[in-house]
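Novice: Take a look and give me a structure for this.
(one chain, ligands or ions: 1)
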Amino acid sequence: MSDGASPQRQGKVGADKAGGYVETRLSAGVLASNLEYLHRCPICHGDDLRHYVRVPSLFNEGEFIRYERCRDCRTVIRNPRLPPEYRLARYEEPEMPPEAKQLNAKSQVHYAYMMRQVERLLPEGCGRRLFDFGCGAGGFLVEAKKVGFEVMGLELSKDLAQHVEQVHGIPVFQGLVDDPSFADETFDVIISSQVFEHLLDPRGTLEEVKTHLRRPGLLLIEVPNLYDIRERLHKGRMMDDSHLFYFTARSLARMVREQGFEILKVQEGLRPYRFLRNADQTPAPGLMELGASLLSLCQIKTGLTLFARWR
Ligand SMILES: [Zn+2]
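Specialist: Numbers count the residues shown, from 1 in each chain. A predicted model of the protein is given here:
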C-alpha cells in the first residue's frame, strides 16, 4: 500500500521552506493545520510520546514525515498524520498497477510456510473457514485454499477485490470490517498480513475483527519489525510513509492479549524466502526454519508474526 498523493492533491512545496523543512506547512498537499496530531498512544493510551525520527517522504518529494515513540509500550507512531478521510480514499478508489495484482512467487513460498504453521497451531476442534483481513492481491488466500481451507477475503481496494474474485475465484468483501452487511460472517481462522501497521486504530479494528472469529479459533497477524540491525545502524532506514505504526513484539502481543487472546508465539525476522534464488525450488520447512533462525541471529528481523488462540 502506498501513501502517495494524486498529482492534483500535491501541494506546491518549497515556496515557504523554513530552514529547508516543509513538514510544518504541508504533508502530501494537506495543510499542517489539518494534520491529525495524536496526544496519546493509540496502542497503550500512554501520553509520553517522544521524537523518534524525521525522514524524507518516500512518496512526496521535498516533504518530511515524523515518527514518535511511545515511552510506555515502545510502539513507533507516525505523528502527526494525514486525517482519516484522505487515507481511506487512497486505499479504496485508485486503480492498481498490474504488478500490484500479480502474485510474487517468493511471497507465495512465505504464505505456504505460514499456512503450515497455522495447520500446526490449529486448536483442537477448530473448523477450516479462513478469513484474510486486508487480502490485497489474494496471495495468502491462494495458499490457504490449496491446503483445504474454505477462504474469504476483505479488501478496501475495489480494484483488488474484484481482481481476486475474478482471477482466483475467491469471494472478497469490498469495504470496511465494521460494515453492517459483513456482520454475519464468522470464521475459524483469521489472518492479516502487513495490514495492521496501516490502520488508523489497530486496537479498535482488532476488536471489530474479533467479532468474526468463532471459538476455538486462531489469529495470525504479520507486521513489519523495526528492531532490525539496519534500522539500528541507520535510524529511519526502514520507514515507509504509509505505515502509521511500528509495533514491537511486546506491544503487538500486549494489544492482542488485552483483547482476550492467548498468545501462542511471536516470531521475529520470519521472511527467509526473500533470500531464495529460485522460488520454484521451495526449501523444506526445516530449512526455512533454520534460515529464519540464522537471519534472526544476524539481527535481520524484517517481520513480526504473531499467532494467538481464541477460546
Ligand atoms: Zn504505547
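
Novice: C-alpha only now, for contacts and for neighbours.
Specialist: Noted.

Novice: name the element whichever residue of the stretch 151-300 of the chain sits closest to the ion belongs to?
Specialist: Closest contact between the stretch 151-300 of the chain and the ion, by Cα to the ion, is at S251 (7.5 Å). Assigned by DSSP states H and E, S251 belongs to helix 249-257.

Novice: just checking, next helix/strand downstream of that helix?
Specialist: Next along the chain after helix 249-257, taking DSSP H and E as the criterion, comes strand 262-268.

Novice: Give me the packing partners of whichever helix or strand comes after that following strand, helices and strands only.
Specialist: Where DSSP H and E defines the elements, the next helix or strand beyond strand 262-268 is helix 285-297. The helices and strands touching helix 285-297, judged by 3 or more Cα pairs under 8 Å, 6 or more residues apart in numbering; DSSP states H and E, number zero.

Novice: what about 10 Å?
Specialist: With contacts taken as 3 or more Cα pairs under 10 Å, 6 or more residues apart in numbering; DSSP states H and E, helix 285-297 sits against helix 105-121, strand 262-268.

Novice: show me what contacts V167?
Specialist: K101, A137, G138 (Cα atoms under 10 Å, 6 or more residues apart in numbering).

Novice: Assign it to helix, strand or coil.
Specialist: The three-state label given to V167 by DSSP: H, G, I helix; E, B strand; the rest coil is helix.

Novice: residues from the protein in reach of the ion?
Specialist: C41, C44, C70, C73 (Cα under 5 Å from the ion).

Novice: So which of the residues you listed are in strands?
Specialist: With strands taken from DSSP state E, the overlap with those comprises C70.

Novice: Export the residues of the chain next to the ion to JSON lines and append columns for pLDDT and neighbour count.
Specialist: Shown next, in JSON lines, are the residues of the chain next to the ion (pLDDT from 0 to 100; neighbours: other Cα atoms under 10 Å):
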{"residue": "C41", "pLDDT": "97", "neighbour count": "22"}
{"residue": "C44", "pLDDT": "95", "neighbour count": "17"}
{"residue": "C70", "pLDDT": "98", "neighbour count": "22"}
{"residue": "C73", "pLDDT": "95", "neighbour count": "20"}
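
Novice: Just give me the closest of the residues of the chain next to the ion to M288.
Specialist: C73 (30.7 Å; Cα to Cα).

Novice: Who are the contact partners of that closest one?
Specialist: Neighbouring residues of C73 by Cα under 10 Å, 6+ apart: 41, 43-46, 48, 247-248, 250-252, 254-255.

Novice: go with 8 Å
Specialist: I43, C44, G46, R250, S251 (Cα atoms under 8 Å, 6 or more residues apart in numbering).

Novice: low pLDDT regions in this protein?
Specialist: Residues of the chain meeting the criterion pLDDT under 70: 1-33, 270-283.

Novice: centre of the chain versus stretch 113-133, how much separation?
Specialist: 19 Å (Cα atoms, centre = their mean, to the nearest Å).

Novice: same thing with stretch 251-268?
Specialist: So, by Cα atoms, centre = their mean, the centroid of stretch 251-268 is 15 Å from its chain's centroid.

Novice: and what of stretch 180-192?
Specialist: Distance of stretch 180-192 from the chain centroid (Cα atoms, centre = their mean) equals 18 Å.

Novice: and that stretch, which residues are buried?
Specialist: Across stretch 180-192, burial judged by 16 or more other Cα atoms under 10 Å covers T186, F187, D188, V189, I190, I191, S192.

Novice: now the helices for this protein?
Specialist: 84-92, 98-101, 105-121, 139-146, 158-168, 202-210, 229-233, 249-257, 285-297 (DSSP state H).

Novice: Tell me which other helices or strands the third one touches.
Specialist: This points to helix 105-121. helix 139-146, strand 213-224.

Novice: and the angle from that helix to strand 262-268?
Specialist: Put simply, helix 105-121 runs at 150 degrees to strand 262-268, going by axes from the mean of the first three to the mean of the last three Cα atoms, to 10 degrees.

Novice: Helix 105-121 relative to helix 139-146, how many degrees between them?
Specialist: Using the same axes, to 10 degrees: helix 105-121 against helix 139-146 is 50 degrees.
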